[in-house]
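# Quick one, fold the following:
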Amino acid sequence: MNILLILIPVTLLVVLIAVALFFWAVNHQQFDDLDSPAILPLLDNPVADEAVPETAPGDPVEEPQRLP
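Residues are numbered from 1 along each chain as shown. Reported below is the predicted structural model:
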């Protein structure tokens, strides 16, 4: 029976932390757009394709210039 003296306050503390985190997330617009992040990996990203240098497997790689 004495364990209830520990478990009830600990449970209330966990619930209060969960409620506070929920309201923090709502205030920081974490739940505004739930559909776009799920679709983003499926979309083509032309910017990422341009960032990759186009070199053939046998082409020598240019070394960066070193400062003296």
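
# Now do P37: how many residues are near it, please.
The criterion is other CB atoms under 10 Å. On that basis, P37 has 8 neighbouring residues. No exception for glycine: its C-beta is placed from N, CA and C like everyone else's.

# what do you get for I39?
I39, neighbours per other CB under 10 Å, totals 8.

# Please, which helix or strand holds it?
When secondary structure is defined by DSSP states H and E, I39 falls within helix 36-39.

# and that helix, average pLDDT?
Mean pLDDT, helix 36-39: 81.

# quick one: low-confidence ranges for this protein?
Low-confidence regions of the chain, defined here as pLDDT under 70, cover residues 45-65, 67-68.

# switch to 90 and redo it
In the prediction, the chain carries residues with pLDDT under 90 at positions 1, 29-68.

# Have a look at it and report its longest helix.
Across the chain, the helix with the greatest residue count (assigned by DSSP state H) is helix 4-27.

# Contacts for that helix, please.
Under the contact criterion CB atoms under 8 Å, 6 or more residues apart in numbering, helix 4-27 has outside partners F31.

# For that helix, buried residues please.
For helix 4-27, the neighbour count (16 or more other CB atoms under 10 Å) marks no residue as buried.

# Dump it to CSV, restricted to CA.
Taking only C-alpha atoms (Å, rounded to 0.1, in the frame of the first residue of the first chain), the coordinates of helix 4-27 have been written out as CSV:
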residue,chain,number,x,y,z
LEU,A,4,0.9,4.1,-4.0
LEU,A,5,2.4,7.0,-2.1
ILE,A,6,5.2,6.9,-4.7
LEU,A,7,3.4,5.8,-7.8
ILE,A,8,0.6,8.4,-7.7
PRO,A,9,2.8,11.5,-7.6
VAL,A,10,5.2,10.0,-10.2
THR,A,11,2.3,9.3,-12.5
LEU,A,12,0.9,12.8,-12.1
LEU,A,13,4.4,14.2,-12.9
VAL,A,14,4.6,12.1,-16.1
VAL,A,15,1.1,13.2,-17.1
LEU,A,16,1.9,16.9,-16.5
ILE,A,17,5.1,16.6,-18.5
ALA,A,18,3.2,14.9,-21.4
VAL,A,19,0.6,17.6,-21.4
ALA,A,20,3.2,20.4,-21.3
LEU,A,21,5.1,18.8,-24.2
PHE,A,22,1.9,18.5,-26.2
PHE,A,23,1.0,22.2,-25.7
TRP,A,24,4.6,23.2,-26.5
ALA,A,25,4.4,21.2,-29.8
VAL,A,26,1.0,22.9,-30.6
ASN,A,27,2.4,26.3,-29.9
